[in-house]
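>>> Coordinates for the following, if possible.
(one chain, ligands or ions: 1)
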Amino acid sequence: MRAHSAKLRAAGRRIGCVPTMGALHQGHLSLMEYARQNCDHLAMSIFVNPMQFNNPDDLTGYPRTFESDVAKCAQLGVDVLYAPGPDQVYPEGFLTKVSVAKMTQGLCGAHRPGHFDGVTTVVLKLFNTVLPHFAVFGEKDYQQLQVIKRMAIDLDLAVQVIGRPTVREPDGLALSSRNHHLDPAQRREALCLYRALNLAREKIGQGASLDQALAAAKDEIAATPQAELEYLEVVDAASLQPLRSLDGPARLCLAVWIGRTRLIDNMPLGDA
Ligand code: AMP
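Predicted coordinates:
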């Protein structure tokens, strides 16, 4: 993969990269379309990264649809698909971890120990193998996007990290590979994330305090029978540190369990 990319770079071609774990849906495709329009050579990666799964059942149950993923890549004009196996990425003797401090302690990081170390480690390895000029990530995984941006700055990576908006179902549910796990009743209940986010935004727009807006959003989740709130927080849009008041770009982020499926979502608040 690196030899292939090095040749392209030497020929002056601009490489765009979209890292994924497969089970491709319209959210991934929107990143691919963006990348396609901004590069000469579109490199796509599919790797279900064991290092970022803190729950073994989540890893074994993660949807894998490789054949149809390949067909989608072909349709969207992907130039190269990099899909290594775990033994290639983590050969025997592997000992190194990349860790972004502080920003990974809250939100998902507080509930998924080691998750972001797994993400940053694999993304850096991917960058070193695919040698992209830019890489595209979704705002759906907002903390992940900000953590990767931080890593790129801190480690002087020559890769531009680009964030793109969340793609939603027509009713507002953020597309996610984990939506596959929802039964029809849970699928209806999963809409409580979107409703809670909108409600909080609306309340802020009407002049409510942050606490009042968060309380309304929490009530919305609590009123949903199978939903259990993991966290609901307002953080600084770049540093991800918790905010007590809105005086700059902020992000409202939440994680909710619907039965045995964990879903996350987020929206901008304030001037973001
Ligand atoms: P995943 O395969 O779930 O690891 O996601 C691969 C990339 O797709 C990540 O950058 C995600 O943030 C992004 N992504 C996942 N779901 C969506 C969505 N609904 N809208 C936009 N991007 C998404």
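>>> C-alpha from now on. contacts and neighbour counts both.
Fine.
>>> Ramachandran angles for Leu269?
Backbone torsions of Leu269, given as degrees, to the nearest 10, read phi -130, psi 160.
>>> Quick check: bridge partners of it?
Ala250 (DSSP bridges).
>>> wait, isn't it in contact with Ser245?
No: applying Cα atoms under 8 Å, one finds Leu269 not in contact with Ser245, separated by 10.9 Å.
>>> Looking at those two now, which is surrounded by more residues?
Between Leu269 and Ser245, counted using other Cα atoms under 10 Å, Leu269 has the larger neighbour count: 22 against 14.
>>> helix, strand or coil for Pro132?
With DSSP: H, G, I helix; E, B strand; the rest coil as the basis, Pro132 sits in coil.
>>> Tell me the pLDDT of it.
For Pro132, the pLDDT comes out at 98.
>>> Show the contacting residues for it.
Residues near Pro132 by Cα atoms under 8 Å, 6 or more residues apart in numbering: Ser5, Arg14, Ile15, Gly16, Cys17, Ala43, Val159.
>>> Name the SS class of the fourth one, please.
On the three-state scheme (three-state DSSP), Gly16 is labelled strand.
>>> Next, count neighbours for it.
Using other Cα under 10 Å, Gly16 is surrounded by 26 other residues.
>>> wouldn't it be in contact with Leu42 here?
Yes: contact status for Gly16 versus Leu42: in contact at 5.0 Å, counting by Cα under 8 Å.
>>> what sits in contact with each of those two?
Common contact partners of Gly16 and Leu42 (Cα under 8 Å, 6+ apart): Ala35, Arg36.
>>> quick one: the helices in the stretch 101-250 of the chain?
Ranges of helices within the stretch 101-250 of the chain are 107-111, 115-130, 142-154, 184-189, 192-205, 210-222, based on DSSP state H, counting those that start in this stretch.
>>> okay if I get those helices as TSV plus distance to Val256 and mean neighbour count?
Putting these into TSV (distance: least, Cα to Cα, whole Å; neighbours: other Cα atoms under 10 Å) gives the following:
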stretch	distance to Val256	mean neighbour count
helix 107-111	11	17
helix 115-130	17	20
helix 142-154	15	20
helix 184-189	11	14
helix 192-205	7	20
helix 210-222	8	18
